[in-house]
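A.B. asks: Okay, predicted coordinates and the sequence, questions at the end:
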Amino acid sequence: MKKPISLRTKQVLKEHGLALKKSLGQNFLTDLNVLENIVDAAQLTDQSGVIEIGPGIGALTERLAQQAKKVVAVEIDQRLLPVLKRHFEEDANVTILHGDAMQVDFHQLITDQFADCDKVHVVANLPYYITTPILARLLEEKYPLHNIVIMIQKEVAERIVANPGKKDFGALSVLAQYYADVSWVTKVPSHVFVPQPKVDSAVIRLDIRQEPAVMVESEKRFFQIVRASFAQRRKTLSNALGSQVLQDRSKAEVNELLLEAGVEPSRRGETLTLEEFAKIADLSLRSKT
Ligand code: SAM
């Protein structure tokens with residue numbers, strides 16, 4: 001059996017004369033145990049379709065292809081395409097696409113590529129420079145995904161899984177937890193990457209909810225309230241909302257609305273639950289009495 005490509009990273013890069021680009025978040029994974037943890041977390045079956053974002057030279061792709069029915073990997077760096085195409089030329093269940101994960105039409109991709117799969121997963125060691133926009137896109141676009149397993153910067157992972165009342169709880173936690181049931185998988189030290197990043201990483205899983213965590217009249221308004229509540233973290237909710245989304249109301253009216261939602265106006269955004277944000281958002285759509 002061929003040695004896994006993750007254990008030949010430096011050699012493969014040298015053979016192809018490739019210098020890695022920091023600007024594209026190219027830190028390649030070289031540890032079989034971590035690869036195993038990521039693939040296990042995705043709970044794949046032989047009927048799973050997997051979208052991988054940023055395959056690099058294919059370390060994770062290789063393991064995913066052993067477990068899933070089909071893997072479609074989207075890589076932005078044209079220079080890596082020949083390496084990937086050659087490595088996977090005999091793997092009928094791996095498709096390599098050249099593209100930008102921020103632009104790819106994933107609805108179309110899922111329809112075209114995964115019609116014969118029962119569940120679709122996203123599994124990726126994400127490029128850190130666009131972790132949040134990619135994750136936001138995957139959640140907000142409501143793709144028919146079963147779960148998302150991503151390796152990201154540890155600090156960002158901590159923010160995503162943080163509960164209300166914790167210092168890390170913020171707009172990103174609410175976004176992720178609104179659309180998904182989030183769980184921590186494992187911490188990953190920086191020395192398992194080539195080149196070694198400055199920060200540690202972590203793997204998390206997001207199990208996409210059939211229905212959002214809370215029902216709201218308008219998602220747009222819900223997220224406006226959430227963003228405004230965290231925009232200036234030292235401000236009380238009353239001041240934060242009064243200076244942004246609810247600026248057409250007097251301070252007394254903002255306070256009244258908050259009290260009607262069962263929220264003390266002096267509280268700060270990080271103490272609120274998703275249900276409380278939802279109540280405020282729905283009440284704020286009612287015309288003033
Ligand atoms: N999956 C490989 C691994 O685990 O070793 C590489 C992971 S590396 C952290 C991130 C990869 O994402 C790089 O190969 C990089 O070129 C690619 N990438 C960066 N921006 C991208 C984008 N917008 N769309 C698709 N791929 C991207």
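C.D. replies: On my side now, so go ahead.
A.B. asks: what pLDDT does the spatially most central residue of the chain get?
C.D. replies: Geometric centre of the chain, nearest residue: residue 135, 3.2 Å, by Cα atoms, centre = their mean. Note for residue 135: predicted pLDDT of 98.
A.B. asks: Spit out the contact partners of the closest residue to the ligand within the stretch 51-200 of the chain.
C.D. replies: Distance from the ligand to each residue of the stretch 51-200 of the chain (Cβ to the nearest ligand atom) is smallest for residue 54, at 2.1 Å. C-betas here are computed from N, CA, C, even on glycine. Contacts here follow Cβ atoms under 8 Å, 6 or more residues apart in numbering; on that basis residue 54 touches 25, 73-76, 101, 124-127.
A.B. asks: So which of these sit within strands?
C.D. replies: Among the contacts of residue 54, the residues falling in strands (DSSP state E) are 73-75, 124-125.
A.B. asks: can you tell me which residues contact residue 208?
C.D. replies: 139, 145-148, 179-180.
A.B. asks: Correction: the previous question concerned residue 256.
C.D. replies: Residue 256 neighbours (Cβ under 8 Å, 6+ apart): none.
A.B. asks: which is the next helix or strand following the helix or strand where it lies?
C.D. replies: For residue 256, the element it lies in under DSSP states H and E is helix 251-260. Counting by DSSP H and E, the element after helix 251-260 in chain order, helix or strand, is helix 274-285.
A.B. asks: what mean pLDDT would you report for that following helix?
C.D. replies: Rounded mean pLDDT across helix 274-285 is 98.
A.B. asks: Residue 225: which of the contacts of residue 54 is nearest?
C.D. replies: Using Cβ to Cβ, residue 126 is the member of these that lies nearest residue 225, at 27.7 Å.
A.B. asks: Can you give the domain ranges for this protein?
C.D. replies: Using automatic domain parsing, the domain parsing of the chain gives 5-208, 219-284.
A.B. asks: got the end-to-end distance for the last one?
C.D. replies: In this case it means domain 219-284. 13 Å (Cα to Cα, to the nearest Å).
A.B. asks: what stretches of the stretch 51-200 of the chain score poorly on pLDDT?
C.D. replies: Within the stretch 51-200 of the chain, no stretch falls below the threshold (pLDDT under 70).
A.B. asks: all helices of this structure, in order?
C.D. replies: 9-15, 32-41, 59-67, 81-87, 106-113, 131-140, 154-161, 171-179, 219-231, 237-243, 251-260, 274-285 (DSSP state H).
A.B. asks: Residue 3: which of those is closest?
C.D. replies: Counting by Cβ to Cβ, residue 3 lies closest to helix 9-15 out of the helices of the chain; the figure is 9.6 Å.
A.B. asks: Could you give me the buried positions within that closest one?
C.D. replies: 9, 12-13 (16 or more other Cβ atoms under 10 Å).
A.B. asks: same deal with stretch 179-191?
C.D. replies: Quick answer for stretch 179-191 (16+ other Cβ under 10 Å): 179-180, 182, 185-186, 188.
A.B. asks: Check stretch 226-245 too.
C.D. replies: In stretch 226-245, counting by 16+ other Cβ under 10 Å, buried: 226-230, 235-242, 244-245.
A.B. asks: go on, stretch 202-209?
C.D. replies: 202-206, 208.
A.B. asks: Can I get that stretch in PDB, CA atoms only?
C.D. replies: The C-alpha coordinates for stretch 202-209 follow below in PDB (Å, rounded to 0.1, in the frame of the first residue of the first chain):
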ATOM      1  CA  ALA A 202      -9.300  22.800  16.900                       C
ATOM      2  CA  VAL A 203     -11.800  20.600  15.200                       C
ATOM      3  CA  ILE A 204     -15.500  21.200  15.700                       C
ATOM      4  CA  ARG A 205     -18.700  19.700  14.300                       C
ATOM      5  CA  LEU A 206     -21.900  21.500  13.400                       C
ATOM      6  CA  ASP A 207     -24.900  19.200  13.000                       C
ATOM      7  CA  ILE A 208     -27.300  21.200  10.900                       C
ATOM      8  CA  ARG A 209     -30.700  21.600  12.500                       C
END
